[in-house]
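>>> Next input, structure requested:
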Amino acid sequence: MSATRRDVLKWGAAVGSGGLVAATALGGSAVAASWSARNWMGSLPYGTPLTRLTIPGTHDSCCINPAHGTEWSHTQNYDITGQMERGVRFLDIRCNGLQGAPDEFGIYHGDNYQYIRFQDVLDRCRSFLRANPSEVIVMRVKNEYKGGQKLEAVEFMRRFNHYMDTMGYRSLFWTNPSWPTIGEARGRVVLAADFGNSWNVIQWSSGSNDFFRTQDIYEGIGTTAKAGKVIEWFDQAYYNQNAAQMYTNFTSYAGGTWPKLNAAAIMPRVFEYLDARRYEAIHFGIVPMDFIDFHDNVLQLLIAKNFVGR
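Next up is the predicted model:
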């Protein structure tokens, strides 16, 4: 007996409001007794390494309004808080300088300002984590380096330190040079630095380094081939369950047409792959997506992977 897409949506029906997803056992395999989208990490053991999880995420997390760059820059409908409440635990935050504010960052998509500041993002994360102290957010902070507000590496580091120390956000972050366990990082944002720096922290890679193995092909191959790359990277993670690096698998694609149309073409194959493995006790790392509201069935399967066999 196998579950249908209707079953998945039924199990996750209450998740948008932080409700519980009940136990489901088919064929002798069980999904967790209960978990809440708002604080699903709280149901996992303290010593679980983040690298042994499946972590749903969003790509270009702050790009929620097509008025700020047209539909080409529109990747999400839920804001940061809405994403976290629905179970997202990886945020893709892209910064440029902020006009008229010489110490601050604005959040951008390319050279399009998204009318939200870095401190707004951090405040929302801090509020969410204070209300849900069992949770951990992994945050890619990228120097977008676009348009008239682009920043050179030294200036970007200076402003980031301004946020950390002068503005008082350092205690919010995990900045150790290794992946923590859930328990070590609960209530904090794990920094993945995607900007030139000389710091001893987790360093982002869109390819492979000591911390990440990333698939992020976003143009030039079409949606059919992109879906194939996503499946290929899931397989890479599947067969490397003990990897020290965090597998990261972007389902997003920007080439050819609008992100929402690309996602509509790619995500059914993502669902099909995950659905076929819903009862296998495996992890896939970070999976950033566009338009999680349109693809809630995938979001629920990703969270549920963390509870199979527990």
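>>> For the rest of this, base every contact and every neighbour count on C-alpha atoms.
OK.
>>> Might you report the residue contacts of Thr51?
Applying CA atoms under 8 Å, 6 or more residues apart in numbering to Thr51 gives the contacts 179, 243-247, 285.
>>> Tell me the one of these nearest Met157?
Using CA to CA, Trp179 comes nearest to Met157 of these, at 21.6 Å.
>>> can you tell me the average pLDDT over the helix or strand containing Pro102?
Element membership for Pro102 (DSSP states H and E) is strand 101-109. With pLDDT averaged residue by residue, strand 101-109 scores 98.
>>> For it, C-alpha coordinates in CSV please.
Taking Å, rounded to 0.1, in the frame of the first residue of the first chain, the C-alpha atoms of strand 101-109 are listed here in CSV:
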residue,chain,number,x,y,z
ALA,A,101,22.6,54.2,5.4
PRO,A,102,26.4,53.9,5.3
ASP,A,103,26.6,51.0,7.9
GLU,A,104,23.7,48.9,6.8
PHE,A,105,22.6,46.2,4.3
GLY,A,106,19.5,46.1,2.1
ILE,A,107,18.2,42.8,0.8
TYR,A,108,18.5,42.5,-3.0
HIS,A,109,17.8,40.3,-6.0
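>>> now the stretch 201-310 of the chain, which segments are flagged as low pLDDT?
Along the stretch 201-310 of the chain, segments meeting pLDDT under 70 are nowhere present.
>>> residue boundaries of the helices in it?
Taking DSSP state H, counting those that start in this stretch, the helices of the stretch 201-310 of the chain run over residues 222-238, 259-276, 296-304.
>>> so which of the ones you listed comes closest to Thr166?
The nearest among these, by CA to CA, is helix 296-304 at 36.0 Å.
>>> and that closest one, how far from the chain's centre?
Computed by CA atoms, centre = their mean, to the nearest Å, the chain-centroid distance of helix 296-304 equals 13 Å.
>>> Equivalent analysis for stretch 299-310, please.
Between the centre of stretch 299-310 and the centre of its chain there are 15 Å (CA atoms, centre = their mean).
>>> quick one: buried residues of it?
By neighbour count with 16 or more other CA atoms under 10 Å, stretch 299-310 contains the buried residues 299-308.
>>> what about Asn200, how many neighbours?
Around Asn200 there are 10 other residues, counting by other CA atoms under 10 Å.
>>> pretty sure it is touching Leu191, no?
No: between Asn200 and Leu191 there is no contact under CA atoms under 8 Å: 11.1 Å.
>>> what's the overlap in contacts for the two?
Jointly contacting Asn200 and Leu191 under the rule CA under 8 Å, 6+ apart are Thr175.
>>> related to what we said a few turns ago, could the contacts of Thr51 be laid out in JSON lines, adding distance to Gln99 and neighbour count?
JSON lines is the format used below for those (distance: CA to CA, whole Å; neighbours: other CA atoms under 10 Å):
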{"residue": "Trp179", "distance to Gln99": "35", "neighbour count": "22"}
{"residue": "Ala243", "distance to Gln99": "42", "neighbour count": "14"}
{"residue": "Ala244", "distance to Gln99": "40", "neighbour count": "16"}
{"residue": "Gln245", "distance to Gln99": "37", "neighbour count": "20"}
{"residue": "Met246", "distance to Gln99": "35", "neighbour count": "23"}
{"residue": "Tyr247", "distance to Gln99": "36", "neighbour count": "29"}
{"residue": "Gly285", "distance to Gln99": "36", "neighbour count": "26"}
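>>> Give me the subset of those residues lying in strands.
When DSSP state E defines the strands, the subset of the contacts of Thr51 inside them is 246-247, 285.
>>> measure stretch 195-215 end to end?
Criterion CA to CA, to the nearest Å; first-to-last residue distance in stretch 195-215 is 18 Å.
>>> which residues sit against that stretch?
140-143, 153-154, 156-157, 175-179, 191-194, 216, 229-230, 233, 244-250.
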